[in-house]
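Asks: Need the 3D shape of this:
(one chain, ligands or ions: 1)
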Amino acid sequence: MRSYPKMSRQFVGIVIVAFLSGCAASQPRVASAPSVPVASAATAKVSASAATADLQTLVNEAHARFKDVRDGAPADYIPELAKVPAELFGVVIVTARGEVYTAGDVDYAFSIQSVSKPFTAALVMQQQGSDAIAQKIGVEPTGQKFNSILATQIIPQVSVNPLVNSGAIASVSMVQAKTAKERFNTILDFFDRLSGAKLKVIEDVYKSEAATNQRNRAHAYILAASERIYSDPMEAVDVYTRQCSIGVTAKQLGVMGATLANHGVNPVTNQKVIEAKYVPKVLAIMMMAGFYNESGMWAYTAGLPAKTGVGGGIVAVVPGNMAIVGFSPRVNDAGNSVRATKAIEYITDQLGLNLFGAGK
Ligand code: GLN
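Replies: Below is the predicted model of the structure:
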C-alpha cells in the first residue's frame, strides 16, 4: 500500500465516509460511488464539517503544489486565446450535494472550448435519445488529435465521436431548431441550466476563432460529403464556434460537472437538466475520448471521465460524488491544460477516486 504524502490513510477514509454518507441521504444512487479505502465504524463517526474543511484543504494543496509549473503554452491557433494571462490557475470541487470548494482564479471567465462538447451531446440525447448519437455520429475514440482531418476522412468506416471537432460540429447540427440563432440559444439555455448561471459568449474569442476556423469548415464539408452532418455545414460550424466561445468560470464549470455527478440534477438549483439515463452515456464518451489522443493515458493514471478544452479548462466527474475542475491556460501538444491535469490527478489520487479501484 502506498502512503498518503500529506494526509493519513485513516483521515482520507474519514473524509470519504463522512462525505458519502452525506451524499447517500439525498442521493440513493450514490451506492455506485467508487470503492475507496474505508475507515472503521468508530472512526467514521465524524462530523460532515470535518470532511468539508478537509476537502477545502485538499483543493488548497492541489493549487499550491502545481502553481509554479510552467510547462506547456496557451493555445495560439485561435489568436485571442494567446492573450489570456498564462498565470491564471484555479481549482474547484463541487460535490453532488452542491458544496463548493475553491482555490485560485475560480471567478475568471475563460472560453469553454471543447469542454462544451459532452454537454451538447447530452442535449442531443435529451432531444433524440442516446441511439441517435451512436448511430449518426459514433462513440469510438479516434486516437488522433482533436482536429484530425485524417480521423474525419476515414468516416464512415471508423466513426468519430462527439468530443472531437468533427463529431462536435455534427452534434451541434443535430440540435433541433428552426434557425441557427434558435439552435445556439437552445444550447446556451441548456448550459445556463447546467451551470445555474447566465452565461454569455466572449465576443472577442468568437470573432478570433470565426476568422481562423478554416480547418473546422473543412471538417464540416467532409462530413457533408458522407452525409454525416445534419444542418447546413457552415451554419453548424458557426454555431459550434459560438458554443466554444461561451465564457465560464471554473466555479460554473464545477456546477456543470456536478450536475453530471448528481445524475442530471443541478445540485445547486435542484433543477433536473439531463435525464438520469443519459448521464452514463455522456460519461462513457468522456472516459473514452475526453482527453483526445491522451485519453488512454488519462484513464490509466486518473481513471475518471473528464473533458478538456484549449481554453485551459478541464472537468472530471466522479459519478454520484463530485466534479473536480482545473483551469489554467498553458496546454500541452494534445491541447490539454498541464496544471489542471496535474491538480485533478492529485485530488483524485489523494481521495482514492479512480473508478477502477483506488489502488491504495
Ligand atoms: N474551438 C476549438 C476548435 O475548434 C476547440 C478545440 C479544443 O478545445 N480542443 O479548435
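
Asks: Close to the ligand: what parts of the stretch 151-300 of the chain are there?
Replies: With the criterion set to C-beta under 6 Å from any ligand atom, the stretch 151-300 of the chain comes near the ligand through 165, 209, 216, 244. C-beta: built from backbone N, CA, C; applies to glycine.

Asks: Specify which member of the residues you listed is nearest to the ligand.
Replies: Set against the ligand, the nearest of those by C-beta to the nearest ligand atom is residue 244 (3.5 Å).

Asks: So for the closest one, what's the pLDDT?
Replies: The confidence metric pLDDT takes the value 98 at residue 244.

Asks: ok now do it, which residues does it touch?
Replies: Applying C-beta atoms under 8 Å, 6 or more residues apart in numbering, we find residue 244 in contact with 111-114, 116, 205, 209, 309.

Asks: Put together CSV for these, with secondary structure and pLDDT on each row.
Replies: As requested, the contacts of residue 244 are arranged in CSV below (DSSP: H, G, I helix; E, B strand; the rest coil; pLDDT from 0 to 100):
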residue, secondary structure, pLDDT
111, strand, 98
112, coil, 98
113, helix, 98
114, helix, 98
116, helix, 98
205, helix, 98
209, helix, 98
309, coil, 98
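
Asks: CSV please, covering those residues and showing neighbour count.
Replies: Output for the contacts of residue 244, formatted as CSV (neighbours: other C-beta atoms under 10 Å):
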residue, neighbour count
111, 30
112, 29
113, 27
114, 26
116, 28
205, 26
209, 25
309, 27
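
Asks: Let me know the closest of the residues you listed to residue 293.
Replies: Distance from residue 293 was checked for each of the contacts of residue 244 by C-beta to C-beta. The minimum falls on residue 114, at 12.9 Å.

Asks: so how far is residue 70 from the closest one?
Replies: When C-beta to C-beta, to the nearest Å is applied, the distance between residue 114 and residue 70 equals 23 Å.

Asks: And residue 122, by the same measure?
Replies: Using C-beta to C-beta, one gets 35 Å for the distance from residue 122 to residue 70.

Asks: quick one, which of these two is more surrounded?
Replies: Set residue 122 next to residue 70 and count neighbours by other C-beta atoms under 10 Å: residue 122 wins out with 28 against 10.
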